[in-house]
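In: Give me coordinates for this.
(one chain, ligands or ions: 1)
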Amino acid sequence: MTTVTVGHLRCEYLEQPLGIDVSRPRLSWRLFGDQRGVRQTAYRIVAAPSADDVAAEQNLLWDSGRVESDQSIHVVYDGGRLRSRQRVFWRVQVWDAHGNVAISPIAWWEMGLLRRSDWSASWIGAPLVGGRWTTIPAPFLRRSFTLDAPVLQARLYITALGLYECTINGQRVGQDLFTPGWTDYRRRVQYQVYDVTDALHEGENVIGVILGDGWYCGHVAWAGRQNYGDRPKLLAQLMITHSDGSTQTVVSNRSWRYAFGPILESDMLHGESYDARLEFPGWNMPGFDDAAWQPVDLFAAPDIAMVATRGPTVQRHEELRPINPPTAFPSHQVTRWVFDMGQNMVGWVRLRVQGPAGTTVTIRYAEALNPDGTIYTANLRSARATDHYTLRGDGEEVWEPRFTFHGFRYVELSGYPGAPDIDAVTGIVVHSATPPTGEFSCSDPLINQLQHNIVWGQKGNFLDVPTDCPQRDERLGWTGDAQVFIRTAAFNMNVAPFFTKWTQDLEDAQSPEGAYPPVAPLAGISGLPDGGPAWADAGIICPWTIYLCYGDTRLLETHYPSMQRFIAYLERSSRDFIRCYEDYPGFRGFGDWLALDGSGRTDGGTAKDLIGTAFFAYSARLLSRIAAILGHQRDATRYRRLFERVRQAFITRYVTAAGRVAGETQTGYVLALHFDLLPPALRSAAADALARDIRARGTRLATGFVGTPYLPHVLTDAGCLDLAYALLLQRTWPSWLYPVTQGATTIWERWDGWTHDKGFQDPGMNSFNHYAYGAIGEWIYSTIAGIDTDPEQPGYRHLILRPQPGGGLTAARAALETMYGRAVSAWRIDDHRFIWEIVVPPNTTATAYVPALEGTPVQESGRPAEESEGVTFVHRDEESAVYRLTSGTYTFEVVQR
Ligand code: BGC
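Out: Coordinates of the predicted model:
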């Protein structure tokens, strides 16, 4: 008897989202069933205004009818037009290949405020104090109001230019940090929606909001303050339905009052200063006397888009305890206490302290230590990264900053009354709420630590936008960095909503000419409209990767016109298809950033026009595929031809008849091979040249941000798997494992961030938490463990399972939570037997490459594989026996010779 159930209902990737503004949301679900071959053959969705209506199948907003289809993700809602604030309940019924029928539980989604006119609130804030370059205290805003009847339902729609933290009757609303998130505030701002029914009661209620500068008017990178505006502003609308059916709306307006209180300054780069003596106890509770508070200022509504939150918000995720009691560095004036959190992390510390009123504790943050054990802060550049807490003096005090974050492993306290113990600080780890989806481990502990470092680099740098680094005065959404890391990111965590939001930032930042920028959101810093090769191309590569990993065609559709503008821009700005040609008057790009073959230059040794032309070809080719997917056949052909032309220009210009690529750099070869820019007959000569160069350097790479991510794939595809493993396992500098052997807990920006001979690299640019080189993660998952998606059936609808053991590893295991469910590939070599456990999620299929030499029998769960249920023999190649699998759990076994 086979049984199938259906559940895990999602709308726009989210579980019961509150406040979305997608007019035709996409619905996804999962099938569950342990037996092999679970496959959906048909579905029916019903949607209605209430759960009862769904159950009774009445008053339906949408009845899809029975649809003969195996589609179980991204099914587009096709019912009645959705109104602002409407909640839609839905469920799905599925039929499987064995005639089973299953019905899901009922789920819902709720619409946000879809029209401008839905907002009756006004923008409010405090008057400006201080000047453009000084930091200003955070205003506290409050409004008391009375409810005459019990509350049936209440929603808070809220946003800010700046950051807000909202409380109702003293209770914090939601778990989200740094709301409303970072967008280009000159164009759009996100709002959040909260169900605050339980926070309200009959009688007096108080809504209290603290505003922070954040990205809006605080320091951003090296651009100073006020890149978007001069002070933070709030917009809030509380919409209440009483049990008698009456409604009441409380909005931000002139009736609110403000005061400046304990937060003396609060800045994302510089830190927060808090004087607890200036607190006003009970300020956000009923009964507080706000006679001394002043009426707020009112501001004209900015002419920008107000959009529902697209991406995951930043939240707190874990807490770290220092790994040792602090080390004291006494001097005649002050003792400094240094704590080691044991992990380079992003967030802040919770301080625990007791002492006389007026004592100020200073908290500084650093990623590394000087040789004498004091904190090393030179690489933070101008970021002060310092918090101050001044005590009330009334017993134990516990404090955390609100509107700042730091990237650090070490924490220094000074001014602490007495001697702090190990629990004086607790690390609070924050990042965008991108749920973990991937796991990887293998028999080599150093590679496991590398994987750990990649994940922590991702945590720390997925903070509302994909940032380059979290610690110095930078923390920008660098497009190149995001592009090289996105595939790895999509293994480790569900980043689809995160990139749905950020690709919009990218489009918002596109120049009128069609160029994509070096950073998004634009922070008013760069003046550079064009990010150049490998940076600007993020505008195509990122949506494409989200399509590959999550089957998301809508993202392609949304950005298609923008991508077309980009390619048109490249066509116009290139000369004879060479992009960034030598005397190109514009920006020629960052080159192969931080490659080691640039004789000391940060942009590496590979010619910028070569990189430019290679990425021009690649982007044109991707756009051709995207056009075909979206059904634009003529465009597909046109971009395909463009690709061919650029490719030909590349060959003519950079490739010799002997297969040498101009400049003979590793990255030059890597791009030519990976982007298919060589005549087929010359591929192996080029791969040989690449391998020779690596060997000549003592099995070492010389690549930077651009070449490194593709390097192991290129070697693997060229039949040099051993060399790919040798590079991965290389422990001496430069290599992925060198930092690991030096105790790194995140990925370094530079191969030589710190070396035995030279100590710290140039403090002007030396982050110890930069995810770019973590892009090796995608090779680790897809080649060591062997999990990949068929690009023709994206989103792991059809898995390609092809582990390629090597490097002396005796075991590797990866699991990936796909849109369809959990996929697993776990192999071990045990007494000359290769044992491989596989899980293929329900409603998907897989092609499994079992490493088995010609003539070696392959067993599955103790039977000859071809006799096993769910297994179909496809063919044999030199290295493997290839099978097609239905969903289910399998164990293959082969004797290795
Ligand atoms: C950033 C990068 C970025 C680069 C551009 C650096 O300052 O940290 O990671 O991609 O500039 O060249």
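
In: State the number of residues packed around A419.
Out: Each residue near A419 was counted by other CB atoms under 10 Å, and the total is 11. For glycine as for every other residue, the C-beta is placed from the backbone atoms N, C-alpha and C.

In: One more: H317?
Out: So H317, with other CB under 10 Å, has 14 neighbours.

In: Next, it: secondary structure please.
Out: Classification of H317 using DSSP: H, G, I helix; E, B strand; the rest coil returns strand.

In: and if you look at L31?
Out: Three-state call for L31 (three-state DSSP): strand.

In: which residues does the nearest residue to it once chain neighbours are set aside contact?
Out: Sequence neighbours aside, P842 is the residue nearest to L31 in space, at 4.0 Å (criterion: CB to CB, 6 or more residues apart in numbering). Contacts for P842 (CB atoms under 8 Å, 6 or more residues apart in numbering) come out as V4, R30, L31, F32, G33, V38, R39, Y820, G821, S887.

In: swap in A538?
Out: Applying CB under 8 Å, 6+ apart to A538 gives the contacts T479, G480, A482, Q483, L506, Y516, G531.

In: phi, psi of the closest residue to V425 other than its chain neighbours?
Out: In space, and not counting its chain neighbours, V425 is closest to V349: 4.1 Å by CB to CB, 6+ apart. Dihedral pair for V349: phi -110, psi 150, per degrees, to the nearest 10.

In: same check, this time on G33
Out: phi 170, psi 130.

In: Looking at the contacts of A538, which two lie furthest apart in space?
Out: For these, the farthest-apart pair by CB to CB is G480 and L506; their separation is 11.9 Å.

In: Pick out whichever of these two has more residues nearby.
Out: Using other CB under 10 Å as the criterion, G480 and L506 rank with L506 on top: 28 against 25.

In: wait, what's in contact with the residue nearest to that one when sequence neighbours are not counted?
Out: Take L506 and drop its neighbours on the chain: the residue closest to it by CB to CB, 6+ apart is A520, 4.4 Å away. Taking CB under 8 Å, 6+ apart, we find A520 in contact with D184, V465, G477, T479, W502, D505, L506, D508, A509.

In: Which of these sits closest to L18?
Out: Among the contacts of A520, and counting by CB to CB, the member closest to L18 is W502, at 21.4 Å.

In: so that closest one makes contact with F462?
Out: No. Under the criterion of CB atoms under 8 Å, W502 is not in contact with F462, lying 9.5 Å apart.

In: give the contact list for P709.
Out: V484, F485, R487, A775, I776, E778 are the contacts of P709 under CB under 8 Å, 6+ apart.

In: Could you do S252 as well?
Out: Per CB under 8 Å, 6+ apart, neighbours of S252: A121, S122, W123, I124, L141, R143, L234, L235, A236, Q237.

In: Filter those down to just the ones in strands.
Out: The members of the contacts of S252 that map onto strands under DSSP state E are W123, I124, L141, R143, L234, L235, A236, Q237.

In: would you turn those into JSON lines with neighbour count, pLDDT and distance to the ligand?
Out: JSON lines is the format used below for the ones in strands among the contacts of S252 (neighbours: other CB atoms under 10 Å; pLDDT from 0 to 100; distance: CB to the nearest ligand atom, whole Å):
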{"residue": "W123", "neighbour count": "21", "pLDDT": "98", "distance to the ligand": "34"}
{"residue": "I124", "neighbour count": "26", "pLDDT": "98", "distance to the ligand": "37"}
{"residue": "L141", "neighbour count": "26", "pLDDT": "98", "distance to the ligand": "36"}
{"residue": "R143", "neighbour count": "21", "pLDDT": "98", "distance to the ligand": "42"}
{"residue": "L234", "neighbour count": "27", "pLDDT": "98", "distance to the ligand": "32"}
{"residue": "L235", "neighbour count": "25", "pLDDT": "98", "distance to the ligand": "33"}
{"residue": "A236", "neighbour count": "26", "pLDDT": "98", "distance to the ligand": "36"}
{"residue": "Q237", "neighbour count": "22", "pLDDT": "98", "distance to the ligand": "39"}
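
In: Many thanks, I have nothing further to ask.
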